[in-house]
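Visitor: got a structure for you, letters missing:
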Ligand SMILES: [Zn+2]
């Protein structure tokens, strides 16, 4: 058997069961980019009994916020979150897909009122999981979004 281990963290967040290839999107949501000082380890396209292939992200010293969790749920609806304190898992849970998100997605419809700089409207989407995929639709114009990661603000 081929076992891959990535370094343990002392305090921080482990995000597991990310769809294969989406770890970089998760890092982006967490605000981690080139030049960031966080200690991050990640694995992409590792074998998973449940998913075939998956990505894992571990971030030292970072405790994830609810807003970050909502964003991650949109692109990784099966992700599990482990909060690690002093090398022990202090909390473990699955992300849950929010039913509504405000200000997190941009509407792809250029003519939508939520894209009009003269209007004070904050973007608002209803969200649903369909066969394991996340679908969001704009409450203002009804536009459906299937590839939500492209429209994350
Ligand atoms: Zn819209």
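Guide: Sure thing, it's come through. The model shown is predicted, which means the values in this text are computed figures rather than measured ones. Residues are numbered from 1 along each chain as shown.

Visitor: center of this structure - which residue?
Guide: residue 72 (1.5 Å; C-alpha atoms, centre = their mean).

Visitor: mind checking which helix or strand that residue is in?
Guide: helix 66-75 (DSSP states H and E).

Visitor: can you check residue 47 too?
Guide: Element membership for residue 47, per DSSP H and E: strand 40-48.

Visitor: buried residues in the helix or strand just after that strand?
Guide: Under the assignment DSSP H and E, the closest C-terminal helix or strand after strand 40-48 is strand 52-60. Across strand 52-60, burial judged by 16 or more other C-beta atoms under 10 Å covers 54-60. (Each C-beta comes from the backbone N, C-alpha and C, glycine too.)

Visitor: What angle do strand 40-48 and strand 52-60 make with each other?
Guide: Relative orientation of strand 52-60 and strand 40-48, computed by axes from the mean of the first three to the mean of the last three C-alpha atoms, to 10 degrees: 160 degrees.

Visitor: Contacts for strand 52-60, please.
Guide: 6-7, 9-23, 26-27, 30, 32, 38-48 (C-beta atoms under 8 Å, 6 or more residues apart in numbering).

Visitor: Got a PyMOL select line for the buried ones in the residues you listed?
Guide: Written as a PyMOL command, the selection of buried residues from the contacts of strand 52-60, which uses 16+ other C-beta under 10 Å, is:
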select buried, resi 9+12+13+14+15+16+17+18+19+22+23+26+27+30+32+40+42+43+46+48
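
Visitor: low pLDDT regions in the protein?
Guide: Residue ranges of the chain with pLDDT under 70: 1-6.

Visitor: what are the ranges of the helices in it?
Guide: 23-29, 66-75 (DSSP state H).

Visitor: and the ion, which of those is closest to it?
Guide: Checking the helices of the chain against the ion by C-beta to the ion gives helix 66-75 as the closest, at 16.1 Å.

Visitor: which of the contacts of strand 52-60 are close to the ion?
Guide: Filtering the contacts of strand 52-60 for proximity to the ion by C-beta under 5 Å from the ion leaves nothing.
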